[in-house]
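K.L.:
following is a predicted model, sequence given first.
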Amino acid sequence: MEPVLAECYPNPFNPATTISYNVTKAGHVRLEVFNLEGQMVESLVEEHQLPGSYSANWNAEGYCSGVYFYRLTAGDYSQVRKMLLVK
């Protein structure tokens, strides 16, 4: 069973959204937000986590409207999803 990265809620959002995910094995977990140019704009999670369900909030008040991507990396697993900031 692999980790699961859920759709953020709400999406589209202004100015904050919640990103939920599940971790199936204990290990190092990263959750990062990227802009359309592929530049990381914020790291939301960077820590060792045990198996379970987690969520992280992203407050994008200081960012421009547009499409952003969030990526979950847990061990060898990586998944990316899209979100839309509308101001």
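P.N.:
The structure has been received and is ready for your questions.

K.L.:
ok, residues contacting stretch 44-58?
P.N.:
For stretch 44-58, the external contacting residues (CB atoms under 8 Å, 6 or more residues apart in numbering) are 8, 16-33, 42, 70, 74. C-beta here means a position set from N, CA and C on the backbone, and glycine is covered the same way.

K.L.:
of those residues, buried ones?
P.N.:
The neighbour count (16 or more other CB atoms under 10 Å) marks 8, 17, 19, 21-23, 27, 29, 31-33, 42, 70, 74 as buried among the contacts of stretch 44-58.

K.L.:
what are the C-alpha coordinates of the helix or strand containing Ser55, in PDB please?
P.N.:
Applying DSSP states H and E as the criterion places Ser55 in strand 52-59. Output in PDB follows, covering the C-alpha atoms of strand 52-59 (Å, rounded to 0.1, in the frame of the first residue of the first chain):
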ATOM      1  CA  GLY A  52      -1.100   7.600   9.800                       C
ATOM      2  CA  SER A  53      -3.200  10.500   8.400                       C
ATOM      3  CA  TYR A  54      -1.800  14.000   8.400                       C
ATOM      4  CA  SER A  55      -2.700  17.500   7.100                       C
ATOM      5  CA  ALA A  56      -0.900  20.700   6.600                       C
ATOM      6  CA  ASN A  57      -2.200  24.200   6.000                       C
ATOM      7  CA  TRP A  58      -0.800  26.600   3.400                       C
ATOM      8  CA  ASN A  59      -1.500  30.300   3.800                       C
END
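
K.L.:
can you name the secondary structure element that comes next after it?
P.N.:
Note on strand 52-59: by DSSP H and E, the next helix or strand toward the C-terminus is strand 66-74.
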